[in-house]
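Undergrad: please find the sequence and the predicted model below.
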Amino acid sequence: MRRGVMYGVMAGAIWGTVFLVPRLLPDFPPLWLGAARCMMYGLVSIAAALPMMRRLARKATREDLFAVGKLAFVGNLVYYIFLTAGVHRVGIGPTSLIVGILPVTVTLAGRRDAGAVPLGRLYWPLLLVAAGIVCINVDVFAAAPSPSGPGGALDKLAGIACASGALLSWTWFAVENTRYLRRNPHFDGNEWSVLLGLATGLFGAIAWAGCMLTAGATHTTVHLDARWTVFWVLNLGLAIGPSWLGTGLWNAASKRVPLTLSGQLIVFETLFALLYGFVYDWRLPRPLEAAAIALLLAGVTWSVRRHDDGGGFGQPAPIEAQLSANP
């Protein structure tokens, strides 16, 4: 089970990079970024699917295809469009911290699942996580200047709404993806990641076609060829790293740990996003930021111990026996 925790931390480290790309590409609309990332994820997944295509065709049922389509649409395309719009309007800090409430929302959503530790045992770890999120939100909103321009206040509110939309999308994805993998152990993490990628690529291609058709009507243009090169290189990196490898690691973690603990592990996405932001800005965290990071780490560590002591790590062995092919 501790291997599942390690996979969850690794997935968070990779996923933290998704917050940087919208900041590096502020001249591209969120829908373009979301569609391009999903389309490139689909191309990477086609290459990964070739050696296992026959096996996937034998395993996949109509129910599987319907489930993977819903998860891909909400958990990849919709989530990243919301996240990108939030970063564009309010920055990496507030967006990552609103999404960072996921440990609380996912834990609450999974409180009745098999293997979940009673919420009473998680009260203090969750309180530490919540305190960390409050500290860093206070710091970011107090230190960050208001957006400039005629619609600055509205942009800030829209950014908070978009970040909240990303939070809701990811909460639903994390809960439903974990539950479906538990009910259907005939897929390992790598196979399920490939199926998610193929479905995501299809939605991304449809969205990209819509972007191209409406580009003229919305007067959306990017003139520099160099910017397009950066655009495609970064989206290819997102497809290989966060989308493919990160999803595979998360699927492997989801099948090894209780849903309440997987909710806690998502906090590492926020921590790594903040770390990458500090490196990009070439600065050290401010006192409240440092306190928040310490509180989040303490809360997650305490939660891991609660699950270990309370039996939450004891999941059915037959599922674990089928995970040897996971990344």
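TA: Received the coordinates, thanks. Numbering: from 1, shown residues only.
Undergrad: what's downstream of the longest helix seen in the chain, the next helix or strand?
TA: Assignment by DSSP state H gives helix 152-183 as the longest helix of the chain. Beyond helix 152-183 on the C-terminal side, the first helix or strand identified by DSSP states H and E is helix 189-214.
Undergrad: list the buried ones in that next one?
TA: If you call a residue buried by 16 or more other C-beta atoms under 10 Å, then helix 189-214 has these buried ones: 189-204, 207-208, 211. To be clear about C-beta, it is placed using only N, CA and C from the backbone, and glycine gets the same treatment.
Undergrad: quick revisit: list the buried residues in the longest helix of the chain.
TA: Neighbour-count burial for helix 152-183, with 16+ other C-beta under 10 Å as criterion, is recorded at 155-156, 158-160, 162-167, 169-182.
Undergrad: measure how that helix sits relative to helix 189-214, angle-wise.
TA: Taking axes from the mean of the first three to the mean of the last three C-alpha atoms, to 10 degrees, one finds helix 152-183 and helix 189-214 inclined to each other by 150 degrees.
Undergrad: for helix 152-183, packing partners?
TA: Using 3 or more C-beta pairs under 8 Å, 6 or more residues apart in numbering; DSSP states H and E as the contact criterion, the elements in contact with helix 152-183 are helix 62-72, helix 79-90, helix 92-99, helix 102-109, helix 247-254, helix 259-265.
Undergrad: so which of those comes closest to Phe19?
TA: When these are ranked by proximity to Phe19, the top entry is helix 92-99, at 4.8 Å, counting by C-beta to C-beta.
Undergrad: average model confidence for that closest one?
TA: Taken as a whole, helix 92-99 has an average pLDDT of 82.
Undergrad: which residues are in contact with Leu43?
TA: Contacts for Leu43 were tallied using C-beta atoms under 8 Å, 6 or more residues apart in numbering; they are Gly201, Ala239.
Undergrad: distance of it from Phe173?
TA: Noted for Leu43: a distance of 21 Å to Phe173, by C-beta to C-beta, to the nearest Å.
Undergrad: now swap in Pro125 and tell me
TA: According to C-beta to C-beta, Pro125 stands 23 Å off from Phe173.
Undergrad: repeat for Ala13
TA: For Ala13 relative to Phe173 (C-beta to C-beta), the value is 19 Å.
Undergrad: tell me the contacts of Met53?
TA: Contact partners of Met53, counting by C-beta under 8 Å, 6+ apart, are absent.
Undergrad: next, it: secondary structure please.
TA: Applying DSSP: H, G, I helix; E, B strand; the rest coil to Met53 yields a three-state assignment of helix.
Undergrad: distance check, it against Gly86.
TA: Counting by C-beta to C-beta, the gap from Met53 to Gly86 is 37 Å.
Undergrad: residue ranges with poor pLDDT in this protein?
TA: In the predicted model of the chain, residues 111-117, 140-141, 143-153, 189, 216-224, 259-260, 262-263, 304, 307-327 satisfy pLDDT under 70.
Undergrad: take the helices and strands packed on helix 152-183 and write them to CSV, including mean neighbour count.
TA: Below are the helices and strands packed on helix 152-183 laid out as CSV (neighbours: other C-beta atoms under 10 Å):
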stretch, mean neighbour count
helix 62-72, 17
helix 79-90, 26
helix 92-99, 25
helix 102-109, 22
helix 247-254, 26
helix 259-265, 28
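Undergrad: out of these, flag the one nearest Arg227.
TA: Shortest separation from Arg227 across these is recorded for helix 79-90, at 15.4 Å, computed as C-beta to C-beta.
Undergrad: can you count the residues close to the residue nearest to Ile14 when sequence neighbours are not counted?
TA: Nearest-residue entry for Ile14: Gly246, 4.0 Å, with adjacent residues in sequence omitted and distances by C-beta to C-beta, 6 or more residues apart in numbering. Per other C-beta atoms under 10 Å, the neighbour tally for Gly246 reads 24.
Undergrad: quick one, what contacts Gly246?
TA: Applying C-beta under 8 Å, 6+ apart, the residues near Gly246 are Ala11, Ile14, Trp15.
Undergrad: tally of neighbours for Ile240?
TA: One way to gauge burial is a neighbour count; for Ile240, by other C-beta under 10 Å, it gives 16.
Undergrad: that one: what's its closest spatial neighbour, skipping adjacent residues?
TA: Across the structure, with C-beta to C-beta, 6+ apart as the measure, the residue nearest Ile240 apart from its sequence neighbours is Val44 (5.7 Å).
Undergrad: the one you found is in what secondary structure piece?
TA: For Val44, the enclosing helix or strand under DSSP H and E is helix 30-49.
Undergrad: list the contacts of Trp124.
TA: Contacts for Trp124 were tallied using C-beta under 8 Å, 6+ apart; they are Trp302.
Undergrad: over to the one 4 residues further on?
TA: With C-beta under 8 Å, 6+ apart as the criterion, the residues that contact Leu128 are Leu295, Leu296, Ala298, Gly299, Trp302.
Undergrad: so how far is Ile46 from it?
TA: Computed with C-beta to C-beta, the distance linking Leu128 and Ile46 is 43 Å.
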